[in-house]
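*Asks:* Let's see this in three dimensions:
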Amino acid sequence: MGRELTKIVYKPTTESNDSYIAIVNPAEYRKWKEGGTSIPLTEVVDSFQVFWSDQGAQGLLGTPSNQQLDNVFGSHKDVDVITHILQKGKEETGKAIRTGETAPNLTKGSFAVDTKGKSTTGIP
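*Replies:* Numbering: from 1, shown residues only. Alright, predicted model coming up:
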């Protein structure tokens, strides 16, 4: 079984649709948030990748540009941005976010990739 992950969502303003998201280990994040500054960020975050969405935290996630990060956080350095998100963002737990697991329904569907414009009916 994989480990559970939680996302931390930061919105620059309450009216903004923009969301900046970091994926963290929930147990380590709670310790860090309560003042465990001796915990390295590498144990708190799943990766130093910041995700961005203009559709809210549930929308399609992309990667923000350096200019977006500079405008919102005053820096585009990953450590500075992640620290800001962890300090001021809101935790959204998700039991569905896990690592190390495969898709549960691998036996359903043909997994065929249509590269010639046909539907899956012509594939044996």
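
*Asks:* Least confident secondary structure element in the chain?
*Replies:* strand 90-98 (a mean of 70; mean pLDDT, DSSP states H and E).

*Asks:* quick one, strands of the protein?
*Replies:* Using DSSP state E, the strands of the chain run over residues 4-10, 19-24, 51-53, 90-98.

*Asks:* Let's have these in a markdown table, adding distance to residue 80 and mean neighbour count.
*Replies:* For every residue, glycine as well, the C-beta is placed using N, CA and C. Below are these laid out as a markdown table (distance: least, C-beta to C-beta, whole Å; neighbours: other C-beta atoms under 10 Å):
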| stretch | distance to residue 80 | mean neighbour count |
| --- | --- | --- |
| strand 4-10 | 13 | 20 |
| strand 19-24 | 12 | 22 |
| strand 51-53 | 16 | 18 |
| strand 90-98 | 19 | 12 |
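
*Asks:* can you tell which of those strands is closest to residue 38?
*Replies:* Closest to residue 38 of these, according to C-beta to C-beta: strand 19-24, at 16.8 Å.

*Asks:* Convert the C-alpha atoms of that closest one to CSV, please.
*Replies:* The C-alpha trace of strand 19-24 is given here as CSV (Å, rounded to 0.1, in the frame of the first residue of the first chain):
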residue,chain,number,x,y,z
SER,A,19,-4.7,28.3,-6.8
TYR,A,20,-1.2,27.2,-6.2
ILE,A,21,-0.8,23.7,-4.9
ALA,A,22,1.9,21.6,-3.2
ILE,A,23,1.6,17.9,-2.4
VAL,A,24,2.8,16.9,1.1
